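Asker: fold the following and give me the result.
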Amino acid sequence: MLTQKKTEETPVAEKPNPTTNMQSQSASEAIQEMLLKLQETIMKNHTETRTDTNEIKEEMRNFKTEVRSDIMKLDGKVDSIQKALEKNENKRKEVEKRTEKIEQGMEKINQQLKSINKEMEDSPTYIEMDQAAF
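Answerer: Prediction:
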């Protein structure tokens, strides 16, 4: 009885099924083909991305160069504007000084005219006194 039990418990070795093997092999080949296509797509995308990145870097370098050039031009314009402002300020101060001198001169002339006017007002009185004294 022991021998009989052992034979009943031992699994019977399954015979390979040729259809299952072919299906597995076909599925495996399909997966490998899909993986190859996926790898090609990844490589293509990587190459395109690298190209795009390099183009963007080049555009950025060109843009930075243009911006630096524009900044230098603006700096030059700012400098010339500052020089013009300084020049105008100096001219304004000069005109202000000349105006003050002219005003002072006019004030002196005005005082002299007042003095002469006063003398002229008093002059007929002196002339009359001088004439009366004769």
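Asker: where does this structure have low pLDDT?
Answerer: For the chain, applying pLDDT under 70 flags the ranges 1-16, 124-134.
Asker: now do the strands in it.
Answerer: Counting by DSSP state E, the chain has no strands to list.
Asker: would you tell me which helix is longest in it?
Answerer: Longest helix in the chain by number of residues (criterion: DSSP state H): helix 18-133.
Asker: now it: how far from the chain's centre is it?
Answerer: Computed by Cα atoms, centre = their mean, to the nearest Å, the chain-centroid distance of helix 18-133 equals 12 Å.
Asker: which strands and helices sit next to it?
Answerer: Using 3 or more Cβ pairs under 8 Å, 6 or more residues apart in numbering; DSSP states H and E, no helix or strand is in contact with helix 18-133. Using the backbone N, CA and C atoms, a C-beta is placed for each residue, glycine as well.
Asker: in the protein, which residue is closest to the centre?
Answerer: V67 (7.3 Å; Cα atoms, centre = their mean).
Asker: now that residue: how far from I81?
Answerer: Distance, V67 to I81, using Cβ to Cβ, to the nearest Å: 20 Å.
Asker: count of residues packed around L74?
Answerer: L74 has 10 neighbours, counted by other Cβ atoms under 10 Å.
Asker: same thing with I71?
Answerer: I71: 10 neighbours (other Cβ under 10 Å).
Asker: check D75 too.
Answerer: 10.
Asker: got the contact list for it?
Answerer: D75 makes no contacts at all, as judged by Cβ atoms under 8 Å, 6 or more residues apart in numbering.
Asker: for it, give its distance to E66.
Answerer: D75 is 15 Å from E66, by Cβ to Cβ.
Asker: what does L36 give?
Answerer: Distance, L36 to E66, by Cβ to Cβ: 45 Å.
Asker: likewise K87?
Answerer: 31 Å.
Asker: OK, contacts around L38?
Answerer: Per Cβ under 8 Å, 6+ apart, neighbours of L38: none.
Asker: next one: it from A27, what distance?
Answerer: 16 Å.
Asker: stretch 56-65: which residues count as buried?
Answerer: For stretch 56-65, the neighbour count (16 or more other Cβ atoms under 10 Å) marks no residue as buried.
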